[in-house]
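J.: Requesting a structural model of the entry that follows:
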Amino acid sequence: MTPINVAIAGVGNCASSLVQGIAHYSNGGANEAIGLSHWDLGGWRPRDLRVVAAFDVDRRKVGLDVAEAIFAKPNCTTVFCDHVAPTGTIVAMGPVLDGVAPHMLEAPEPRSFRPADLPEPSLAEVVEQLKRADAHVLMNYLPVGSQKATEFYAEAALKAGVAFVNNIPVFIASNPDWAKRFADAGVPLIGDDIKAQLGATIVHRTLTELFARRGVRLDRTYQLNTGGNTDFLNMLAKERLESKKVSKTEAVQSATDRRLDDENIHVGPSDYVAWQNDNKVCFLRMEGQLFGGVPMNLELRLSVEDSPNSAGVAIDLVRCAALAHARGIGGVVAAPSAAFCKHPAVQMEDAAASAALDAFIVGDSGPSSATRH
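T.: The predicted structure follows:
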């Protein structure tokens, strides 16, 4: 198969895990399907992904080969691949815009962002870099709350004809205006807000669907998450959290048999604990009523390494975007968006989303908001 050329906006912990994963499954893990829901997807295996362009704003990353930049501070995710060969792709300076919250500049240097003192590129320059690199898919890994910066890269993808995968809770694929623009341009769009492989949201959704399927009335629930990476530090600024809370809450609400009142559901990041680094801990509680209105409750604690938990899903997202591009599908690609994202344009129950994804992979995308060109 022709390799999939991947561009990355934001060389943080999630990008680190993705690049490490590509190396791992191309080397020592090449004979293992552990950690992947799809070893082969559309004819592509993980080893068929290559990073051809990358953008960041941190002075400790800009100018380095991607293989080196993914281990630079403030990245703190688990190193699970000891050897990541040089990619030949140098991290370029991107636009800062709203990608760096003011409070991030005040945090200790090993934990925070430090923008490089370099000229920021224009939209035309980024478009040209994507074209020159022959990028097929652009992965958006910017910090939560980066509305303007995300829209910048979405615009760049549109103009360059590059499929856009929006991994963060800034609403692009679920925004009808953006969705129409990508459809009109014939460019695939997948998003918004990536679900982890086995994270707090997918576990919460699964249990919520189980309650409904078994006739248990869910009365109230919360999901409290703590972590110590830059994502949690960034989200200490509450104004950057609005779309994140909407995304996570709707992912759970969409799995209930009846919507819960706002006061009876709380889903979202709760606090930053520096020493946790990239470890994320979820505290989940669900209260409901069994047969005869008899009360019950469930409590669960989930601990995961946050960024590797999303990387296997990201590899699938890249391949789905490339598959859509190869088939001439433009606009929101509904099945992978519903299967892999918290806030897709069209929510589906997880079993239905999985079935739709399988159909999409074999070439029968079924009803979707995508447009074939």
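
J.: low-scoring stretches of the stretch 251-373 of the chain, by residue?
T.: 365-373 (pLDDT under 70).

J.: As a check, name the ranges of all strands in it.
T.: 265-272, 279-289, 295-305, 329-332, 371-372 (DSSP state E, counting those that start in this stretch).

J.: what's near enough to touch A69?
T.: 11, 54, 56, 60-62, 91 (CB atoms under 8 Å, 6 or more residues apart in numbering). Bear in mind the C-beta positions are built from the backbone N, C-alpha and C, glycine included.

J.: Just the element for the closest residue to it other than its chain neighbours, please.
T.: With CB to CB, 6 or more residues apart in numbering as the criterion, A69 has its nearest non-adjacent residue at 4.1 Å, and that residue is K61. With secondary structure defined by DSSP states H and E, K61 is part of neither a helix nor a strand.

J.: any idea how far K61 is from A9?
T.: According to CB to CB, to the nearest Å, K61 and A9 sit 12 Å apart.

J.: and stretch 146-159, what's its mean pLDDT?
T.: For stretch 146-159, mean pLDDT is 98.

J.: Can you give the contact residues for that stretch?
T.: 9, 55, 94-99, 123, 126-127, 130, 138, 140, 142, 162-164, 166, 168, 170, 172, 178, 181-182, 185, 187, 243.

J.: do that again at 6 Å, thanks
T.: 9, 95, 97-99, 123, 126-127, 138, 140, 142, 164, 170, 172, 185, 187 (CB atoms under 6 Å, 6 or more residues apart in numbering).

J.: Out of those, flag the one nearest to A251.
T.: Closest to A251 out of those is V170 (15.4 Å), distances taken as CB to CB.

J.: Please name the residues that touch S26.
T.: R47.

J.: Could you do V165 as well?
T.: V165 sits in contact with 139, 190, 317, 321, where contact means CB under 6 Å, 6+ apart.

J.: and it, bridged to which residues?
T.: Assessed by DSSP bridges, V165 has beta-bridge partners M139, I190.

J.: separation between it and A274?
T.: 30 Å.

J.: ditto for N175
T.: Distance, N175 to A274, by CB to CB: 34 Å.

J.: Tell me which of these two has more neighbours.
T.: N175 (19 against 15; other CB atoms under 10 Å).

J.: For burial, what's the neighbour tally of D40?
T.: 14.

J.: Angles on the backbone of it, please.
T.: phi -110, psi 130 (degrees, to the nearest 10).

J.: again with the one 4 residues further on
T.: Backbone torsions of W44, given as degrees, to the nearest 10, read phi -100, psi 140.

J.: wouldn't it be in contact with A321 here?
T.: No: taking contacts as CB atoms under 6 Å, W44 lies outside contact range of A321: 10.9 Å.

J.: Looking at these two, which has the bigger crowd around it?
T.: A321 (27 against 21).

J.: Excluding chain neighbours, what is closest to the more buried one?
T.: Leaving aside its chain neighbours, A321 sits nearest to A163 (3.9 Å; criterion: CB to CB, 6+ apart).

J.: Distance check, the one you found against V346.
T.: According to CB to CB, A163 and V346 sit 18 Å apart.

J.: For the two, work out which one has more neighbours and name it.
T.: Applying other CB under 10 Å to A163 and V346 shows that A163 carries more neighbours, namely 30 against 17.

J.: just checking, C76 touches Q276?
T.: No: look at C76 against Q276 with CB under 6 Å: they stay out of range, at 9.4 Å.

J.: more crowded one of the two?
T.: More neighbours surround C76 than the other of C76 and Q276, with 21 against 18 (other CB under 10 Å).

J.: Now for the closest residue to the more buried one other than its chain neighbours, how many residues are close by?
T.: Using CB to CB, 6+ apart and skipping the chain neighbours, the partner closest in space to C76 is N277 (4.4 Å). Neighbour count for N277, taken as other CB under 10 Å: 19.

J.: Please report how far N277 lies from K195.
T.: 22 Å.

J.: Give me the distance between the two termini of stretch 323-330.
T.: 11 Å (CA to CA, to the nearest Å).

J.: Now that stretch: buried residues?
T.: Applying a neighbour-count criterion of 16 or more other CB atoms under 10 Å, the buried positions in stretch 323-330 are 323-327, 329-330.

J.: Now, the residues you listed that are in helices?
T.: Mapping the buried residues of stretch 323-330 onto helices (DSSP state H) picks out 323-326.

J.: which residues touch Y141?
T.: 10, 12, 14-15, 167.

J.: which SS state does G63 fall under?
T.: coil (DSSP: H, G, I helix; E, B strand; the rest coil).

J.: gap between it and M1?
T.: Counting by CB to CB - G63 and M1 are separated by 32 Å.

J.: E68: what secondary structure?
T.: helix.

J.: Model confidence for it, exactly?
T.: For E68, the predicted pLDDT is 98.

J.: Which strand or helix spans the closest residue to it other than its chain neighbours?
T.: The shortest distance from E68 to any non-neighbouring residue, by CB to CB, 6+ apart, is to P86 (7.6 Å). Using DSSP H and E, P86 sits in no helix or strand.

J.: Could you give the number of residues near P86?
T.: 10.
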